[in-house]
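A.B. asks: Give me the fold of what follows.
(chains A and B)
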There are 2 protein chains.
Amino acid sequence: MNIGGRAYRTIWVGDDTQSVEIIDQTRLPHEVAVARLTSLEDTARAILTMQVRGAPLIGAAAAYGLCLALRRDASDAALDAAITLLARQRPTAVNLRWALSQVADAVRPLAPQARAAAAYRIAAEICDADVAANRAIGEHGGRLIRDIAARKGAGARVNVLTHCNAGWLATVDRGTALAPVYEAHDGGIAVHVWVDETRPRNQGAALTAFELGAHGVPHTIIVDNAGGHLMQQGLVDLCVVGADRVTGSGDVANKIGTYLKALAAADNSIPFYVACPHSTIDWALSAGSAIPIEERGAEEILTIRGRTGEGAVVSIAIAAPGSPARNDAFDVTPARLVTALITERGVCAASRDGLTALYPDRPQSDP
Amino acid sequence: MNIGGRAYRTIWVGDDTQSVEIIDQTRLPHEVAVARLTSLEDTARAILTMQVRGAPLIGAAAAYGLCLALRRDASDAALDAAITLLARQRPTAVNLRWALSQVADAVRPLAPQARAAAAYRIAAEICDADVAANRAIGEHGGRLIRDIAARKGAGARVNVLTHCNAGWLATVDRGTALAPVYEAHDGGIAVHVWVDETRPRNQGAALTAFELGAHGVPHTIIVDNAGGHLMQQGLVDLCVVGADRVTGSGDVANKIGTYLKALAAADNSIPFYVACPHSTIDWALSAGSAIPIEERGAEEILTIRGRTGEGAVVSIAIAAPGSPARNDAFDVTPARLVTALITERGVCAASRDGLTALYPDRPQSDP
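C.D. replies: Prediction:
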């Protein structure tokens, strides 16, 4: 997608053909900065500190982390150690583990001297496949928006509510939840997005609003508390969110607060869609309660970064001094609250039957 | 209640027996500052800018605003103009209009020269009645917490989730939703409070955490997104919130986001209580959808105040530059999601029958 007229992906191999470059998302929306990763440890840190975030993107980043590890030491032991290190940076998103398996399965049969080059090829394929999957999700989800637009009639805009950032910044390009929005907007549908700010890290206000604004999509930031009220007022036509892990039976782990919006959507008979490529599906799990939920540091709640009037980016303390905080990063929305999943193969019920109908041939390498 | 060992109410008449002093809540938790109001206009501004906030407290403040107005001009015209000015500062909380009626009904039959002194007496009575009502709410609600503690058994703490600030800072003293918590804590029950930060103005993280900490009540700040997940995890025993207006049929207008927590409580079979004195009940309204919902400025979402590492209090911009925001301040929780109302007369069903049983004699001056 474009920032200031220049096309970007969120991750790419540098001009030296070895290092990996990323848009440093901890510095958005205040500045657009590129960070260079030259080692496994750089990559692990970028994932942990959320310089890269979003389930599909941390999968791609992890794949490149293995590339950088194998450049230094292509032994089985080094490969195993790198996988262990990268996998433990973020426990909830299954794409991370999926991408590590994709690379590991491909390089393990090879002689060590051939492994790094093969890993770079697989990582590039993962990136390209992510973009293709997201384009397909955009087409399938775009039709849902187009249908609502047709029902509302000419002149009425379609109001989409989304939580967190599952836009192109959460993927290699194009996004999952926002792909249908871009597809509809680019196709001339009048679409407007309610952007949940998504405390504590404000990926909505910082990233979703930034990328929608850069693409010219009308949007309005709201606090996470507001979505239920807007639904009661008839101001939301559909919700679309991404996912960090979808169980084989359709339960959805996604950014903390997703469950509350799904409850409100159900209470107001508003469709609630979850956009996810197959790499987000954890076939082995049935119950969402089995998904490990990452707990992050309290400082993400107690302090916040922003721009002063003079343009300096500073961090300030916002809560009562001395009060503790707890920071669960994700919650689980049960399948019963999900109207449908939007995958690269089409739209399906959030159930084992629904998923199996779309993926009768699910890849052996999928978890 | 105490701050640093000194007993405070949130509002009181100054040593000069005329001016009105308040704790300036826009400066908490970063500093405890007292502001002096010497005119009607001072009071209107204090209500609008939320130097005083919380439905019961803005009622008390409005009563004192009339006192200050009548000191300057005790004519009928001045009285009417003062009521009009004060009533329009905040549209949602009904206590504001209730308190204005209390004062106006008492002073209107009097000769102008007697009105100001009478108004000060009524305002003081409103304040004392608020404290008494809150103590009674504390006793009735405290029993609910005590019952849960008994059921959980020795050693287990009772986890209360609250939204916004309905503590002593939202009232003249003692609080509505937090009165039962103080009652239980002071009575030796192990109680812990999950404090929703309550974006955009963060009354939870700033005020509720501050006052619970000052009183020594164990608590943990969470983002507004987290409550549903904590309920799913079995970490919430009951929810207690305040109200800005309760209709005669039990619908509850309260801080934006309350509805989402009520949905989650219902989905997890957790009791959801609303604490409200009779001055919060709008007998004339049945449907919550008829309650006017205040929309405040976008800057409350797009910027935030806090302390730098050097201790300076600054305001910073936190969202993508140029993105608009919408700021509805309240939402309506339908009565079907409210387990019960906790009033100064006892606990009742959130319904016209429930309320009428407790208030068969409802005061003629109530709205």
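A.B. asks: For stretch A:201-209, the averaged confidence score.
C.D. replies: Per-residue pLDDT over stretch A:201-209 has a mean of 98.
A.B. asks: Sorry, wrong one. I was asking about stretch A:112-125.
C.D. replies: 98.
A.B. asks: Ok, stretch A:229-246 next?
C.D. replies: 98.
A.B. asks: Run the chain-centre distance for that stretch.
C.D. replies: Offset of stretch A:229-246 from its chain centre (Cα atoms, centre = their mean, to the nearest Å): 16 Å.
A.B. asks: Just confirm yes or no for it near chain B.
C.D. replies: Yes - applying Cβ under 8 Å from any Cβ of the partner chain, one finds stretch A:229-246 in contact with chain B at A:229-230, A:232. Just so you know, the C-beta spots here come from the backbone N, C-alpha and C atoms, and that holds for glycine as well.
A.B. asks: buried set for that stretch?
C.D. replies: A:229-232, A:235-246 (16 or more other Cβ atoms under 10 Å in any protein chain shown).
A.B. asks: same check, this time on stretch A:16-26
C.D. replies: Quick answer for stretch A:16-26 (16+ other Cβ under 10 Å): A:19-26.
A.B. asks: Looking at the buried residues of stretch A:229-246, which are in helices?
C.D. replies: Within the buried residues of stretch A:229-246, residues falling in helices by DSSP state H are A:229-232.
A.B. asks: Between the residues you listed, which sits nearest B:Arg9?
C.D. replies: Minimum distance to B:Arg9 across these is 32.3 Å, recorded for A:His229 (Cβ to Cβ).
A.B. asks: Could you check how far the closest residue to A:Ser286 other than its chain neighbours is from chain B?
C.D. replies: Counting by Cβ to Cβ, 6 or more residues apart in numbering or on different chains, A:Ser249 is the residue found nearest to A:Ser286 once chain neighbours are left out, at 4.6 Å. Per Cβ to the nearest Cβ, to the nearest Å, A:Ser249 is found 16 Å from chain B.
A.B. asks: for A:Ala266, same thing?
C.D. replies: With Cβ to the nearest Cβ as the criterion, A:Ala266 and chain B are 8 Å apart.
A.B. asks: Could I get the full set of strands for the stretch 151-300 of chain A?
C.D. replies: Taking DSSP state E, counting those that start in this stretch as the criterion, the stretch 151-300 of chain A contains strands spanning A:158-162, A:191-196, A:219-222, A:238-241, A:245-247, A:252-255, A:272-275, A:281-282, A:295-296.
A.B. asks: ok, how many other residues are close to whatever residue of the stretch 101-250 of chain A ends up closest to chain B?
C.D. replies: Here the residue of the stretch 101-250 of chain A nearest chain B is A:Asn225; by Cβ to the nearest Cβ that distance is 2.7 Å. Other residues within reach of A:Asn225, judged by other Cβ atoms under 10 Å in any protein chain shown, total 32.
A.B. asks: Let me see the contact set for the closest residue to it other than its chain neighbours.
C.D. replies: Sequence neighbours aside, B:Gly257 is the residue nearest to A:Asn225 in space, at 2.7 Å (criterion: Cβ to Cβ, 6+ apart). B:Gly257 makes contacts with A:223-226, A:228, B:163-164, B:196, B:198-199, B:224, B:331, as judged by Cβ atoms under 8 Å, 6 or more residues apart in numbering or on different chains.
A.B. asks: Check A:Leu48 too.
C.D. replies: A:89-90.
A.B. asks: ok, it to A:Asn165 distance?
C.D. replies: 18 Å (Cβ to Cβ, to the nearest Å).
A.B. asks: pLDDT below threshold where in the stretch 1-150 of chain A?
C.D. replies: In the prediction, the stretch 1-150 of chain A carries no residues with pLDDT under 70.
A.B. asks: how about the helices in it?
C.D. replies: For the stretch 1-150 of chain A, helices defined by DSSP state H, counting those that start in this stretch occupy the ranges A:40-48, A:55-72, A:76-87, A:94-107, A:112-152.
A.B. asks: Same check on the stretch 251-367 of chain A?
C.D. replies: Under DSSP H, counting those that start in this stretch, the stretch 251-367 of chain A gives helices at A:258-267, A:299-302, A:352-358.
A.B. asks: Name the surrounding residues that touch the second one.
C.D. replies: Read that as helix A:299-302. A:199-201, A:317-319, A:323, A:325-327, B:197, B:205, B:221-223.
A.B. asks: How about the longest one?
C.D. replies: Judged by Cβ under 8 Å, 6+ apart, the contacts made with helix A:258-267 from elsewhere in the structure are A:161, A:163-164, A:196, A:224, A:227-228, A:231, A:236, A:239, A:241, A:252, A:270-272, A:331-333, A:337-339, B:225, B:227-229, B:232, B:259-261, B:263-264, B:267.
A.B. asks: So which bits of the stretch 151-300 of chain A are right by chain B?
C.D. replies: So the stretch 151-300 of chain A meets chain B at A:195, A:197-200, A:202, A:205-207, A:209-210, A:212-213, A:219-230, A:232, A:255-257, A:259-261, A:263-264, A:267, A:289, A:293 (Cβ under 8 Å from any Cβ).
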